[in-house]
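Asker: let me see the structure of the following:
(one chain, ligands or ions: 1)
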Amino acid sequence: MTKPPTTIPSRRVGASALEVSELGLGCNRIGENILSDAEWIALIHRAIDLGVTTFDTAAQYTGGRSEELIGRALGNHQNVVIATKVSGKKEGKHSSFSKEAVIAGAEKSLRVLRRDVIDIFQTHGSGALDEVSDPEWAEAMVLLKEQGKIRLRGSAVFDSEGGLFAIEHDLADVLQVTYNLLDRGHVLPILPAAAAHGVGLLARMPYQRGILTGKFSESSADVSGHRASLQGDRLENDIRATEKFRQIGSGRATGLPALALQYVLAETRLSCTIPGARSIAQLEDNVRAAHAPRLTEAEARAIEDLQKAEHI
Ligand SMILES: NC(=O)c1ccc[n+]([C@@H]2O[C@H](COP(=O)([O-])OP(=O)(O)OC[C@H]3O[C@@H](n4cnc5c(N)ncnc54)[C@H](OP(=O)(O)O)[C@@H]3O)[C@@H](O)[C@H]2O)c1
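Answerer: So this is what the prediction gives:
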């Protein structure tokens with residue numbers, strides 16, 4: 001197999017001065033007990049060797065071990081961008097973020113990550129309107145920026161309403177959204193608004209939790225032990241629709257995974273995409289997919305037609 005290349009193009013995060021590698025690493029697996037600490041640290045270092053400089057984590061991931069291992073692996077490394085998230089107080093489906101909790105969360109993440117400044121600091125909730133429109137988190141973010149503890153303020157959102165409110169009321173420099181071949185509905189209204197207001201977008205779940213790598217099919221749909229097991233009610237339909245995207249990617253050397261990643265990278269209003277990886281082999285595959293040929297016009301048209309037919 002050919003060696004993966006070692007540079008990744010960068011993009012600016014909205015109108016900010018911050019640049020991110022267009023392929024980042026989603027760090028929600030880092031610290032799982034499937035690898036040793038030394039192996040996770042080696043995976044983070046391998047990402048750097050391959051030109052991946054954007055890391056998305058959260059205080060909550062793997063009970064705090066994701067941030068801790070990133071801190072041990074990278075510390076105050078200046079040529080990386082670390083995005084992390086603060087958890088709120090759970091209230092049913094939503095979370096609330098008091099000013100004190102957001103500030104205390106940033107200070108804790110700074111210590112655990114062993115950094116002087118957090119590049120992108122995001123709320124880790126539903127991002128729904130009632131959550132985003134509560135002024136407390138936004139006030140805390142402004143204060144943290146003034147104090148030089150964070151560079152950019154952000155929020156992970158899962159619906160258009162909350163995202164649009166944050167953009168239109170200048171509450172965030174960057175939003176995290178889900179964007180992939182199978183799931184992008186909430187992002188469609190956010191894309192033009194974010195571009196118009198200079199808000200950056202981090203695109204999570206480019207493989208729809210691994211389903212778009214094509215490793216499951218209708219006849220082989222056992223997702224136990226895989227990230228895809230979190231897809232719940234959507235799983236069956238996602239696997240069925242993936243079969244159709246597989247056809248569109250069949251002309252590519254690396255098939256569906258490259259099509260899936262190139263689809264996300266083709267949307268230039270997104271600042272970067274952050275696939276997760278549970279091994280160095282997956283990381284290297286994802287870097288190869290990021291260097292695969294860009295989406296052709298014919299592929300883009302076929303994808304659009306299929307998304308229309310599937311109401312995606
Ligand atoms: N609330 C939030 O803000 C939120 C929510 C979700 C995600 N995120 C962020 O987005 C990142 C990515 O999300 P995600 O991990 O849920 O979805 P994803 O990136 O679409 O899927 C990642 C998973 O797909 C599988 N995979 C990845 N590369 C592969 C390869 N080359 N070959 C085969 N399988 C491969 C792995 O799972 P298996 O090996 O288990 O199949 C991996 O854990 C997270 O790490 C996190 O940073 C944020």
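
Asker: okay, CA-based contacts and neighbour counts for the rest of this
Answerer: Fine.

Asker: number of nearby residues for Leu201?
Answerer: 29 (other CA atoms under 10 Å).

Asker: that one - that's part of a strand, no?
Answerer: Yes: Leu201: assigned to a strand according to DSSP: H, G, I helix; E, B strand; the rest coil.

Asker: ok, it - contacts?
Answerer: Residues in contact with Leu201 (CA atoms under 8 Å, 6 or more residues apart in numbering) are 13-14, 174-177, 194, 269-272.

Asker: could you dump the residues you listed to TSV with neighbour count and pLDDT?
Answerer: Output for the contacts of Leu201, formatted as TSV (neighbours: other CA atoms under 10 Å; pLDDT from 0 to 100):
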residue	neighbour count	pLDDT
Val13	25	98
Gly14	22	98
Val174	28	98
Leu175	31	98
Gln176	26	98
Val177	25	98
Ala194	26	98
Arg269	21	98
Leu270	26	98
Ser271	26	98
Cys272	29	98
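
Asker: so which of those residues belong to helices?
Answerer: Under the assignment DSSP state H, the contacts of Leu201 contribute Ala194 to helices.

Asker: which single one of the contacts of Leu201 is nearest to the ligand?
Answerer: Gln176 (6.5 Å; CA to the nearest ligand atom).

Asker: any idea what the closest one is bridged to?
Answerer: For Gln176, the beta-bridge partners under DSSP bridges are Ala156, Leu202.

Asker: what sits closest to the residue nearest the centre of the chain if chain neighbours are left out?
Answerer: Residue closest to the mean C-alpha point of the chain, counted by CA atoms, centre = their mean, is Arg204 at 2.8 Å. Spatial nearest neighbour of Arg204, chain neighbours left out: Thr178 (4.9 Å); criterion: CA to CA, 6 or more residues apart in numbering.

Asker: ranges for the helices of the stretch 1-150 of the chain?
Answerer: Under the criterion DSSP state H, counting those that start in this stretch, helices of the stretch 1-150 of the chain are mapped to 37-49, 65-74, 99-113, 129-132, 135-146.

Asker: can you say which of those helices is nearest to the ligand?
Answerer: helix 65-74 (9.9 Å).
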